[in-house]
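Chemist: Here you go, sequence then predicted model.
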Amino acid sequence: MSHDKLIQVIAGAVMVALLAGSGVVGTSITESSGRYRLVLADTVADNDSPEVAVGIAMGAFRGVFVNLLWIRANRLQEEGKYYEAIELAETITKLQPRFPRVWVFHAWNLAYNISVATQTPEERWQWVDSGVRLLRDEGIPQNPNDMLLHKELSWIFLHKIQGVTDDANQYYKRKVAEEWTVVLGPPPAPGPEMRTRDQAIQAYASWLDNVATAPDSVEGAIEKEPLVAELIAALEDLFGTESPLDALRRFAVHEELHRKGMSDERLGDVLGVTDEGELERIRTLSRLMHEPQLTEAWKVYIAFLRKRVLLDTYHMDPARMARYTRDFGPLDWRHPAAHSLYWARLGVERGLGRVEAQNKTDFDFTNTDRLVMQSIQELFRSSELYFDFLEFEQGKYAYYMAMPNTFFIDSYGQQLEDVATRGGIATSMKRTYTNYAAGFENFLQDAILHYYRRGDLDKAIEYRHKLLTWPGRNINDWEADEKLSWPIDQYVEWEMMGRYTSPSVYVNQITAALMGAYTSGLLAGDQDLFQSQYSWARQYHEYFIREQNKGGMLANPETGRMENLPKDFRVLAGGVFTNLLASLSEDERESMYLAAPNELRQYAYLILERELSESMNELAASGQGRPFNEVFPPPVGIDQFRVEMEALRQQQQRDYNIDVK
């Protein structure tokens with residue numbers, strides 16, 4: 001056989017072998033690409049831009065075409081032409097949906113660049129929410145294992161919504177609280193049975209377990225409770241076929257009306273409904289919600305709707321939400337940091353399932369884990385949340401107060417070793433200095449300050465000892481040991497130097513001082529302690545409001561960007577007081593109310609009257625308790641105070657409606 005012939009035979013054999021090999025692996029590759037959705041768009045929708053059609057028609061040259069579009073989109077963004085850049089970004093995501101950077105580019109433009117170019121809080125929120133939904137509803141479902149997208153979504157929740165850099169941040173926070181009151185309903189109400197961390201975690205986890213274990217389909221709901229079929233038929237007769245989210249919104253509004261004890265006669269006034277036909281429908285719904293034989297049907301049906309909305313609309317797993325609650329603490333999903341924690345942690349978990357030695361550099365565990373830790377910190381700072389959902393639904397300036405939640409203090413330390421180890425040598429706790437250690441030290445310092453100001457000196461000293469003896473402390477600060485050994489009063493005074501204008505320190509210290517005044521002062525019968533704590537809180541509040549309002553909102557100097565608590569001290573002190581009353585037993589509630597000064601009782605009376613008077617008076621009429629005004633006597637000057645609060649509410653409403661551009 002000639003030399004040339006031999007080469008041809010060998011080449012032919014190699015070709016046959018390669019063809020055979022491609023046939024063997026081709027099927028598995030196709031299956032894998034389909035399973036992980038690693039495919040490109042190959043069809044054009046009616047509303048797609050011409051670039052999509054051109055890109056698909058270019059076949060193998062599509063990558064070059066996309067690169068040109070990407071360069072152009074970046075140039076448009078640099079020129080401030082955000083709307084045009086968005087159109088190109090949408091085109092790129094359709095041509096190459098597995099291109100994570102363009103999803104991030106697109107979402108950032110929506111949430112950050114375009115939002116601040118609009119004029120009202122409502123307009124801004126539409127764009128910020130569009131950025132959230134782009135990543136959550138489109139980008140992540142098409143790239144479920146990409147850590148970058150999870151990290152960016154977490155950052156929008158933590159920085160843009162929960163942060164204070166945007167003039168409209170207070171509106172964003174209320175919108176998230178409204179949205180998730182609809183989706184999940186109000187969280188478990190605070191009470192004597194939730195005074196420990198473990199009790200609170202169990203209550204919140206059980207709340208989510210009820211959704212996670214709900215039926216997956218209407219048929220399953222009916223199988224579990226046959227009267228669900230009757231309930232669905234009655235609702236369709238009243239309102240037609242509604243989306244699950246619309247049905248949950250209607251339910252949430254009526255549930256809140258019932259919780260406040262409002263009678264059916266007031267439904268029209270509260271909801272702003274005047275049409276007789278619509279009034280009759282909502283009254284019928286109210287009667288259905290009170291029908292004893294439908295109680296279990298309502299529970300099953302609403303749990304089913306919540307599960308479907310979470311899975312289908314929000315792409316969130318209620319079972320995972322319950323697990324994170326057990327892992328981290330009593331997560332209130334009305335708080336943006338609960339969502340930043342969820343998406344950052346989910347990104348880490350999905351990354352851990354794919355990371356190998358050869359691709360480890362593709363996964364940014366360090367920065368994503370940092371978002372988990374920052375979320376826990378924010379949950380400690382402000383996740384004890386009080387929000388008037390009904391007022392917000394009515395378009396009013398809704399009451400919103402976010403206070404520190406001490407149940408998350410221990411969560412930070414519990415997660416620290418895990419995230420530090422995962423970051424490798426750069427974050428190892430064996431190093432003499434790490435950012436994680438510095439963060440934990442600052443976190444413990446805030447915990448010490450909080451408990452000290454609350455009057456719980458034993459807890460403050462306990463956490464100071466924990467900080468002093470923690471083996472992971474950075475060892476390059478030789479002065480720290482000396483300062484930590486100072487008397488607790490001197491140590492706190494030193495720690496507070498230069499921090500009085502910090503919004504997080506302000507919320508921490510004001511709410512702690514007021515809680516200490518009420519629990520260690522009023523409830524314990526120590527009027528001197530009450531007066532000391534209460535006066536300190538008033539003075540600090542006046543100082544902070546005066547200082548931070550020097551840099552108020554661009555369009556509205558009456559509203560501060562960092563105004564995380566009410567500007568009027570009567571509202572702030574009364575709000576914290578009323579929130580605390582809700583967590584006490586009936587006897588403790590009455591005792592504290594009667595022990596409070598008239599100024600506090602005035603605000604508390606307005607809230608308690610709205611929330612409890614109708615139901616308490618109805619029970620008293622049937623011989624099951626005492627009338628409202630007997631338990632909570634009207635304070636002196638309540639009529640004048642009512643007029644003042646209404647004038648304040650109207651002023652807040654005017655400030656609330658102002659353009660922020």
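Modeler: Sure thing, it's come through.
Chemist: Over to residue 545. Which of the three states is it?
Modeler: Recorded secondary structure, residue 545: helix (DSSP: H, G, I helix; E, B strand; the rest coil).
Chemist: separation between it and residue 537?
Modeler: 12 Å (CB to CB, to the nearest Å). The C-beta positions use only the backbone N, C-alpha and C, and glycine is treated the same way.
Chemist: Looking at the two now, which is surrounded by more residues?
Modeler: Higher neighbour count among residue 545 and residue 537: residue 537, with 24 against 19, using other CB atoms under 10 Å.
Chemist: Wait, the more buried one touches residue 565, no?
Modeler: No: using CB atoms under 8 Å, residue 537 makes no contact with residue 565, being 10.5 Å away.
Chemist: Mutual contacts of these two, please.
Modeler: Taking CB atoms under 8 Å, 6 or more residues apart in numbering as the contact rule, residue 537 and residue 565 both touch residue 510.
Chemist: Now residue 331, what are its backbone angles?
Modeler: Note on residue 331: backbone dihedrals following degrees, to the nearest 10 are phi -70, psi 120.
Chemist: check contacts around it.
Modeler: So residue 331 contacts 204, 321, 324-325, 338, 341, 379, 383 (CB under 8 Å, 6+ apart).
Chemist: And residue 74, by the same measure?
Modeler: With CB under 8 Å, 6+ apart, residue 74 has these contacts: 85, 105.
Chemist: What's the per-residue pLDDT of it here?
Modeler: Among the per-residue scores, residue 74 shows a pLDDT of 84.
Chemist: same check, this time on the one 5 residues further on
Modeler: Model confidence at residue 79, given as pLDDT, is 86.
Chemist: Would you indicate which residues of stretch 493-507 are buried?
Modeler: 495-496, 503-507 (16 or more other CB atoms under 10 Å).
Chemist: A strand includes residue 438, no?
Modeler: No: counting by three-state DSSP, residue 438 is not found in a strand; it is helix.
Chemist: just checking, next helix/strand downstream of the worst-scoring helix or strand of the chain on mean pLDDT?
Modeler: Within the chain, judged by mean pLDDT, DSSP states H and E, the helix or strand with the poorest mean is helix 50-57; its value is a mean of 51. The helix or strand immediately downstream of helix 50-57 is helix 62-78, counting by DSSP states H and E.
Chemist: Flag the shaky bits of the stretch 151-300 of the chain, pLDDT-wise.
Modeler: 263-264 (pLDDT under 70).
Chemist: For the stretch 501-650 of the chain, give me the ranges with low pLDDT.
Modeler: 549-563.
Chemist: Check which helices and strands the helix or strand hosting residue 601 sits against.
Modeler: Taking DSSP H and E as the criterion, residue 601 maps to helix 598-621. Counting contacts by 3 or more CB pairs under 8 Å, 6 or more residues apart in numbering; DSSP states H and E, helix 598-621 is packed against helix 569-582, helix 586-595, helix 628-631, helix 638-656.
Chemist: Now do the domain split for this protein, please.
Modeler: When the chain is parsed with automatic domain parsing, its domains come out as 192-320, 429-497, 500-661.
Chemist: export the ones you listed to TSV and tack on distance to residue 410?
Modeler: As requested, the domains of the chain are exported to TSV (distance: least, CB to CB, whole Å):
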stretch	distance to residue 410
domain 192-320	7
domain 429-497	9
domain 500-661	17
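Chemist: Show me which of the contacts of residue 331 are buried.
Modeler: Buried, going by 16+ other CB under 10 Å: 204, 321, 324-325, 338, 341, 379, 383, out of the contacts of residue 331.
Chemist: hang on, the earlier thing: to residue 17, which of the domains of the chain lies closest?
Modeler: domain 192-320 (44.6 Å; CB to CB).
Chemist: what's the first-to-last distance across the closest one?
Modeler: From its first residue to its last, domain 192-320 covers 28 Å (CA to CA, to the nearest Å).
Chemist: Quick check: closest non-adjacent residue to residue 634.
Modeler: residue 605 (6.2 Å; CB to CB, 6 or more residues apart in numbering).
Chemist: My guess is that neighbour contacts residue 638. True?
Modeler: Yes: the pair residue 605 / residue 638 is scored as a contact, 5.9 Å apart, by CB under 8 Å.
Chemist: Tell me which of these two has more neighbours.
Modeler: Of the pair residue 605 and residue 638, residue 605 is the one with more neighbours under other CB under 10 Å, namely 24 against 17.
Chemist: contacting residues for the more buried one?
Modeler: Contacts of residue 605 by CB under 8 Å, 6+ apart are 632, 634-635, 638.
Chemist: separation between it and residue 84?
Modeler: Using CB to CB, residue 605 is found at 56 Å from residue 84.
Chemist: Excluding chain neighbours, give the residue nearest to residue 90 in space.
Modeler: Nearest to residue 90 is residue 106, by CB to CB, 6+ apart, at 6.9 Å.
Chemist: now do residue 97
Modeler: Nearest to residue 97 is residue 142, by CB to CB, 6+ apart, at 4.6 Å.
Chemist: helix/strand/coil for residue 386?
Modeler: strand.
Chemist: how near is it to residue 332?
Modeler: Taking CB to CB, one finds residue 386 at 10 Å from residue 332.
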